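Enquirer: curious how this folds, go ahead:
(4 chains)
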There are 2 protein chains.
Amino acid sequence: MEKKIQLPTSESHDLQGFPCPHIAVDVALMSIDPRDEYPKLCVLLHRRGPGHVEGMWALPGRFVRERDTLSNTAEQAVALKLGIQGTNVQQLHVFDDPDRDPRGWVMSVAHIGTISWERCIENTHHLRDVFAAPIRDHELDLPDGQSRLPYEQREIVRYAVKEIRRQYSLLPDPGHFLPDEFTLLQLREVHQAVQDDEIKADTFRREMKPNLIPTGEFSSGGVGKPAELYRRRDRSSSTVPSLSRSTRNRRRTPVEETF
Amino acid sequence: MEKKIQLPTSESHDLQGFPCPHIAVDVALMSIDPRDEYPKLCVLLHRRGPGHVEGMWALPGRFVRERDTLSNTAEQAVALKLGIQGTNVQQLHVFDDPDRDPRGWVMSVAHIGTISWERCIENTHHLRDVFAAPIRDHELDLPDGQSRLPYEQREIVRYAVKEIRRQYSLLPDPGHFLPDEFTLLQLREVHQAVQDDEIKADTFRREMKPNLIPTGEFSSGGVGKPAELYRRRDRSSSTVPSLSRSTRNRRRTPVEETF
DNA sequence: ACACGTTTACGCAAAAATGCGCTAATCTTG
DNA sequence: CAAGATTAGCGCATTTTTGCGTAAACGTGT
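Expert: You can find the predicted model right below:
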């Protein structure tokens, strides 16, 4: 059954008459909690105040104000809900079910961001309405017996976990959980927390080396042979090799959206 | 300089008073043109009609109508501008510069889709306003001496090329350029077109096999030993292995957006 | 001062992957 | 029926990667 589409000779591009959705952003801001025996990947939640399911833990979010950008809105959401300024965020996915919000037609643009644990704690340790929820198998351990996040925030977290694991399979600590200089052990612990998988030291060191610059300086104050400090190689350089197969060939089936 | 953020005790979530942007979608619909000695990856363009820079070649796009979804709008854009129905699309990126459209505040959600060459030709061969533009080094060969695509469509094509190459490094022909049954040579030609790189037959066959199901049937009508036909293994199966390093360890620096 | 634990880095064997030559099998064409 | 073209797999050399044992270097406790 072949139906030929009649191509319109002209189509009104005047914006009058096109209703438009409200645009919200949600942010999965991630950090690495080093407090347990093994550092672990977390997502920062805030507890909602009066006016919107008070007391419920949620990802920070915010409506886009007039002529504002998504990333600016996302950063404001993080600032207002988590007390953290100046975070870099990236888009993940747009959720566009017209019935997803009972208040009206709203699209939500999910974002992902990363923050070091030190900077996270520095900004939020005094706040009782901010919580770092650890991630287990793409799910969050929510506090206060809460069973699930509102709207599609559960899916947002899954998207975020998948995306950060993908990026960490390509480059050393692209999310800058670590400061500018770090040891191989610190780097490996971060990668293990992100990938939720054990990574062999030898293999890891060999594949990181091409993307790291030895500083010539060594760590001090720890037990054992002092570790050399490294910096990330500037990845804008055209000579940066991508990681070898062992980082990328992690035994995980790419269960992800394809065409 | 530490500035504590005053968390609001309540925030108005009523949608009144929030201006909102118009939402457009753009689609980079990709196909594999087999007509030359080597098949090559193409993006489908349409020539704009009266009312909007008549005569300019562009990616199909469309404003989101009231309470419609992004994917439905993208599919309608493809249907109306390219004459192709029922394409699957995926989101790539949201372009949100408030000054990007002189007519007003518009955000554009870029999408990627794929279509077999046969189905593409079947729907568009009679149309003079549809063109399959070959991709060279992330750029398009535009017809009629046109130097560049409008708005951010050049970037959209780059996003699309990167995304399709990434997906083709993970699974055999996830974009279904090929029909349900195909030979290894056909599969390899498609992968070579997408990756724009030579792929050795032996290595390719070894890494594809775990994700393919031999049908027991053979191709006919060609010269030489008939090749066996394969189907893609259902990737929802938990036993599907991801591709080995040789497909993924292609010498390309991941020059892409990270945090 | 020494033993011990911890960490780093290297040498080396083992394992895995790659690429090529070769061959057998099978089809089409003349 | 012969020749050419193509597919597919095997054997094997080479290359690459992995993982382990070990030495070196440090801090801590005795």
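Enquirer: can you list the low-confidence ranges for chain A?
Expert: Within chain A, the ranges that satisfy pLDDT under 70 run A:1-17, A:221, A:235-259.
Enquirer: okay, now the domains of it?
Expert: Per automatic domain parsing, the domain ranges recorded for chain A read A:22-167, A:170-248.
Enquirer: chain center to stretch A:204-215: distance?
Expert: 24 Å (C-alpha atoms, centre = their mean, to the nearest Å).
Enquirer: sorry, slip of the keys, the one I care about is stretch A:198-215.
Expert: For stretch A:198-215 - counting by C-alpha atoms, centre = their mean - the centre lies 23 Å from the chain centre.
Enquirer: name the residues of stretch A:142-161 that are buried.
Expert: A:142, A:146, A:149-153, A:156-161 (16 or more other C-beta atoms under 10 Å in any protein chain shown). Yep, even glycine has a C-beta here, placed from its N, CA and C like the rest.
Enquirer: end to end, how far does it reach?
Expert: For stretch A:142-161, the first-to-last residue distance is 16 Å (C-alpha to C-alpha, to the nearest Å).
Enquirer: can you list contacts of it?
Expert: Stretch A:142-161 is contacted from outside by A:26, A:28, A:30, A:41, A:43, A:45, A:53, A:55-59, A:92-93, A:95, A:100-101, A:108, A:110, A:112, A:131, A:133, A:135, A:138-140, using C-beta atoms under 8 Å, 6 or more residues apart in numbering or on different chains.
Enquirer: now narrow the residues you listed to whatever sits close to chain B.
Expert: Filtering the contacts of stretch A:142-161 for proximity to chain B (criterion: C-beta under 8 Å from any C-beta of the partner chain) leaves A:93, A:112.
Enquirer: would you tell me what the next helix or strand after the strand or helix carrying residue A:46 is?
Expert: Using DSSP states H and E, residue A:46 falls within strand A:40-47. Sequence order places strand A:57-58 as the next helix or strand after strand A:40-47, per DSSP H and E.
Enquirer: run through who's touching the strand holding residue A:46.
Expert: Strand A:40-47 has contacts (C-beta under 8 Å, 6+ apart) with A:28-33, A:55-60, A:81-82, A:84, A:115, A:120, A:124, A:128-135, A:140, A:142-143, A:149, A:157, A:160-161, A:164, A:193-194, A:196.
Enquirer: now that we have these, which of them are buried?
Expert: Buried among the contacts of strand A:40-47 by 16+ other C-beta under 10 Å: A:28-33, A:56-60, A:81-82, A:84, A:115, A:120, A:124, A:129-133, A:135, A:140, A:142, A:149, A:157, A:160-161, A:164, A:193-194, A:196.
Enquirer: picking that back up, as JSON lines, the domains of chain A with distance to residue B:184 would be great.
Expert: Output for the domains of chain A, formatted as JSON lines (distance: least, C-beta to C-beta, whole Å):
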{"stretch": "domain A:22-167", "distance to residue B:184": "28"}
{"stretch": "domain A:170-248", "distance to residue B:184": "22"}
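Enquirer: deepest of the ones you listed, which one?
Expert: domain A:22-167 (a mean of 19; mean count of other C-beta atoms under 10 Å in any protein chain shown).
Enquirer: near DNA strand C at all, it?
Expert: No - between domain A:22-167 and DNA strand C, judged by C-beta under 7 Å from any atom of the strand, nothing touches; the nearest distance is 11.7 Å.
Enquirer: gap between that domain and the chain center?
Expert: With C-alpha atoms, centre = their mean, you get 9 Å for domain A:22-167.
Enquirer: got the end-to-end distance for it?
Expert: Termini of domain A:22-167 sit 30 Å apart (C-alpha to C-alpha).
Enquirer: can you name the residue of the stretch 151-259 of chain A nearest to DNA strand C?
Expert: Nearest residue of the stretch 151-259 of chain A to DNA strand C, counting by C-beta to the nearest atom of the strand: residue A:224, 2.5 Å away.
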